[in-house]
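[1] here are the coordinates; sequence isn't available:
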């Protein structure tokens, strides 16, 4: 039995729900998260999933509190064991309250932190279905976190609306019974003295949903993809809204087709995008080079997962940065962006389309399994921050005002960027060509034209670079030591830096979002001279560090890499930084 | 009446003298003029190869993309702008080897477009290697001891894929070819037009004379293109006699029809969607 005063929870709670694939941990975490969101909490949910449909061990973890949470906690306060395997894994973990079903195990653990709830029995009795054990567990959980069950009862009605009144009622009975059982058998100290009561404009969405939503808000009209974890949810979200938002989602026969279809659609004048993971992007590479040569705008989302090859399909990594920077034969302009959170991902998809169209280039948006599959609390979205939908396209009237058939798709000018003509406009035609071409777009072998065209295609890089946002620096630029990071590691970095600063360690962070192209003027000489830089990246070789050395002549002093397929957590990261700091100062 | 000279390009032609491609180029100009089209209404998409250069030699919108990838690019463009007459053009290596996977799935997808394949049974641009349609035991640069593989029968593959329109023309029979081009373009759906195109430089077996002795027009035969089994038989016929003309037709829903876009304003030409339209999705996340 859990007794008073043995909980270490303060201000925030982490709940881990473990079980076999197919036991509903993901849905359960999402319904729990939504209930908490409506109560005014900040919620963060991440999933640890094996690449299989049934069996194995998966978990979903819900972290919530009254302050923003942007990464999973290394510590778990409550473990919900939906199977005996989860109980075996956590029975020796000190501290965590552990809910389990005594019918599921032969060795019932002793001790006040173990909370036996006969989930299957209650589910059979109340719901006439043992599979509703997870709903019983959720009910019990609400008692343990000191909240009433009513918000969750509402959510169940919404979640199972399509399944009919009987299923809703059965789930509600299971949830109430679980709650009542826990209340009768386990006395608790509510973890939140003043739990927030009011909902807000906040939303709970995955990185993939945020990207898809950002694309819809940016006039996306054509999306093509081949299913690949962890990018598939973007396709499914958009596919479900094709009719409503009047766009086409084309499931291609392979990623080669996906990018070439999207380029065809973009060439014809529709906003187009593809999403994949590293292996799929590898197949797209010739098409990316084609975008560079034909100056066709395209946005490529790479939801990174550990490679090489098939790697760890359901896990996370940040190892495609240099791939995105370099992929494609030949030399051409591109931009590489990486959002840190779902909220940033929403705005950054818009930014990617804006840059792709303005500079007529491929723009890469680097997500990862952790960013894309986790659910993030998103503050009310500010649609005024989005850039207007289109630009750089010749209007019908302007095209018609020219002499017939005189338009030149690659006519050179000071910017190197020629206003586009969409096929079918005015009395004009255009030729776009993957061969080296003349200003008209016809195949050429001329040495002079070749040089002029390479120059034209590359000239835009300096303007593009000056338009990109530099890294954000916290707390200011007067520290002697910084962590360098990019993309979805920000949450763990922020929290780790705060932990270290609370120990009077003078450290800040420099976080990159609009990563490439990067210039040599990134930091001043004096700044670099007496500043210690420690890179923190979800890869083995320090790709941002290598990029900065190559492009900006910046050397980092130490590197921390995580490449076991799991996201960083703050406490572990703080420990790694302490170690590196010790090595630097000791040596 | 439209004039075929409207479709003249200023780009100098880089094909060999006597190449079968010239006949195809001229046939397109006549077909376009005959259909009353203007250059800006046409989009030609090609990959890489001698045949894939053809759009440069016409006045029309052109996307000359990657080897083997004409069909995906043409599909993307055709989907967002069904107002364009979309034609993908390429050779047997481009379409049946490098782009073989796209060929199968483009027929399934059934975007309203025409795919014209210049089949010369050899690789011309790379100077004489075996192609997917090269005859068995043909000696080429890559098969010095004779091609050990059986040739692909692309028209049979098309009939098996229930391709909306399947026809074969011959570069040496211009009038028939013009007629088939017009039929392929006006067919609603994906039209495959295979064109026998002698390569005068690298294929000394399948010459103009070789084809002339063998081709016969199905229009003069008792052939029903709607009869799939009969079409399959004709699609496999190759040797002493080679059928030309319309081999197979199938009434199928086009991409625009099954996506509900048919008759709607093209996706590419609309005023931008209001960002605020996403607000109706917010309840999903709250």
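    That came through fine. Just so it is clear, the structure is predicted and the values come from calculations on it, not from any experiment.

[2] please count neighbours and contacts with C-alpha atoms only from this point.
    OK.

[3] ok, residue A:304 to residue A:368 distance?
    Distance, residue A:304 to residue A:368, using CA to CA, to the nearest Å: 4 Å.

[4] shared neighbours, those two?
    Counting by CA atoms under 8 Å, 6 or more residues apart in numbering or on different chains, the contacts common to residue A:304 and residue A:368 are A:230, A:316, A:317, A:318.

[5] close enough to count as contact, the second one and residue A:372?
    No - using CA atoms under 8 Å, residue A:316 is not in contact with residue A:372; the gap is 9.6 Å.

[6] what sits up against stretch B:137-157?
    Against stretch B:137-157 from outside (CA under 8 Å, 6+ apart): B:96, B:104, B:128-130, B:132-136, B:166-167, B:194, B:232, B:235-236.

[7] hmm, back to that, quick one: which of residue A:304 and residue A:368 has more around it?
    Between residue A:304 and residue A:368, residue A:368 has the larger neighbour count (other CA atoms under 10 Å in any protein chain shown), namely 34 against 29.

[8] pull the contacting residues for the more buried one.
    Counted by CA under 8 Å, 6+ apart, residue A:368 has contacts A:230, A:302, A:303, A:304, A:305, A:316, A:317, A:318, A:488.

[9] which among the contacts of stretch B:137-157 end up buried?
    Among the contacts of stretch B:137-157, those classed as buried by 16 or more other CA atoms under 10 Å in any protein chain shown are B:96, B:104, B:128-130, B:132-135, B:166-167, B:194, B:232, B:235-236.

[10] and the residues you listed near chain A, which?
    With CA under 8 Å from any CA of the partner chain as the criterion, no member of the buried ones among the contacts of stretch B:137-157 is in contact with chain A.

[11] now, among the residues you listed, which is nearest to chain A?
    Taking CA to the nearest CA as the measure, chain A lies nearest residue B:104 of the buried ones among the contacts of stretch B:137-157, at 9.3 Å.

[12] burial check on the residue lying closest to that closest one once chain neighbours are set aside, number of neighbours?
    Among residues not flanking residue B:104 along the chain, residue B:161 sits closest, at 7.0 Å (CA to CA, 6 or more residues apart in numbering or on different chains). For residue B:161, the count of nearby residues is 15 (other CA under 10 Å).

[13] then residue A:325?
    When counting by other CA under 10 Å, one arrives at 17 neighbours for residue A:325.

[14] so it is in contact with residue A:336, correct?
    Yes - using CA under 8 Å, residue A:325 is in contact with residue A:336, at 6.7 Å.

[15] need the residues touching each of these two.
    Residues touching both residue A:325 and residue A:336 by CA under 8 Å, 6+ apart: residue A:516.

[16] write down the beta-bridge partners of the closest residue to residue A:557 other than its chain neighbours, one by one.
    Excluding the flanking residues, the one nearest residue A:557 by CA to CA, 6+ apart is residue A:533, at 5.3 Å. Residue A:533 has the following beta-bridge partners by DSSP bridges: residue A:482.

[17] who's in contact with residue A:533?
    Listed by CA under 8 Å, 6+ apart, the contact set of residue A:533 reads A:481, A:482, A:483, A:484, A:555, A:556, A:557, A:558.

[18] how close does the second one get to chain B?
    This points to residue A:482. Residue A:482 is 36 Å from chain B, where distance means CA to the nearest CA, to the nearest Å.

[19] and if you look at the fifth one?
    Residue A:555 sits 39 Å away from chain B when distances are taken as CA to the nearest CA.

[20] I figured that residue hits residue A:545, correct?
    Yes - Residue A:555 is in contact with residue A:545 according to CA under 8 Å; the separation is 7.2 Å.

[21] same drill for the two, tell me which one is more crowded.
    The residue with more neighbours, out of residue A:555 and residue A:545, is residue A:545; 22 against 16, by other CA under 10 Å.

[22] for that one, what are its contacts?
    A:535, A:554, A:555, A:556, A:559.

[23] grab the most central residue of chain A for me.
    Against the mean C-alpha coordinate of chain A, by CA atoms, centre = their mean, the closest residue is residue A:371 at 2.4 Å.

[24] interface residues of the stretch 101-250 of chain B facing chain A?
    So far as CA under 8 Å from any CA goes, the stretch 101-250 of chain B lies against chain A at B:101, B:102, B:105.

[25] which members of those residues occur in helices, if any?
    B:101, B:102, B:105 (DSSP state H).

[26] what strand or helix carries the residue lying closest to the first one once chain neighbours are set aside?
    Think residue B:101. Nearest residue to residue B:101 in three dimensions, chain neighbours excluded: residue A:253, at 7.4 Å (CA to CA, 6+ apart). In this assignment (DSSP states H and E), residue A:253 forms part of neither any helix nor any strand.

[27] residue A:432 too?
    Applying DSSP H and E as the criterion places residue A:432 in strand A:431-433.

[28] neighbouring strands - and their directions - for that strand?
    Strand A:431-433 has the following sheet partners, assigned by DSSP bridges: strand B:61-64 (parallel).

[29] not counting the strand it pairs with itself, show me its contacts.
    The contact list for strand B:61-64, computed with CA under 8 Å, 6+ apart, reads A:264, A:423-424, A:429-435, B:39-48, B:52-53, B:55-56, B:70.

[30] do you have the strands of the stretch 51-200 of chain B handy? List them.
    Counting by DSSP state E, counting those that start in this stretch, the stretch 51-200 of chain B has these strands, from start to end: B:61-64, B:85-91, B:113-119, B:165-170, B:190-196.

[31] could you list the contact residues of the stretch 351-500 of chain A toward chain B?
    Counting by CA under 8 Å from any CA, the residues of the stretch 351-500 of chain A close to chain B are A:383, A:389-390, A:423-435, A:442.
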